[in-house]
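**Student:** okay, structure incoming, though there's no sequence with it:
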C-alpha cells in the first residue's frame, strides 16, 4: 500500500510540477524586465529569511510582511521613497502625486 502511495505521489504531484517563471525574473510594473529603471534598485529575496516585505507605494506607504519568498527579485524604490503605481516613479511619501491612505 505504501508503495502505491509513493508512486501516486511521484507521478501525481512531483512529476507535473513546473517551477514558477516569476521566481526567475526581475519583476517591475507587472512584468519581467532585464534591468531596473535607473531610479530604482534591485531587491532580491534572501532564501534564509522567513519573510518578504511588500513594496512600499503611495497608496500603502508602510511595508508589510507578506510571507516567504525564495528566488524572487523586483525593482524597488530606494529606502526613503515609495512607488507611485500610476506613474512608475519613486517619490517621498509626502510628495506622492496620488493620495495615500493613513
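**Tutor:** Arrived safely, thanks for sending. Just so it is clear, the structure is predicted and the values come from calculations on it, not from any experiment. Residues are numbered from 1 along each chain as shown.
**Student:** need the residue closest to the centroid of this structure.
**Tutor:** residue 74 (5.7 Å; C-alpha atoms, centre = their mean).
**Student:** would you confirm that that one contacts residue 28?
**Tutor:** Yes - using C-beta atoms under 8 Å, residue 74 is in contact with residue 28, at 6.6 Å. Where you see a C-beta, it was placed from the backbone N, CA and C, and this is true even at glycine.
**Student:** the residue nearest to the centre of the chain: which element?
**Tutor:** Using DSSP states H and E, residue 74 falls within strand 73-76.
**Student:** show me what that strand is in contact with.
**Tutor:** 25-29, 33, 36-37, 40-45, 55-56, 83 (C-beta atoms under 8 Å, 6 or more residues apart in numbering).
**Student:** how about 7 Å then?
**Tutor:** 26-28, 33, 36-37, 40-45, 55 (C-beta atoms under 7 Å, 6 or more residues apart in numbering).
**Student:** and that strand, which strands flank it?
**Tutor:** Sheet partners assigned to strand 73-76 using DSSP bridges are listed as strand 26-28 (parallel), strand 41-44 (antiparallel).
**Student:** which parts of that strand are buried?
**Tutor:** Residues of strand 73-76 classed as buried: 73-76 (neighbour count, 16 or more other C-beta atoms under 10 Å).
**Student:** go on, stretch 65-82?
**Tutor:** Buried residues in stretch 65-82, counted by 16+ other C-beta under 10 Å: 69, 72-77, 81-82.
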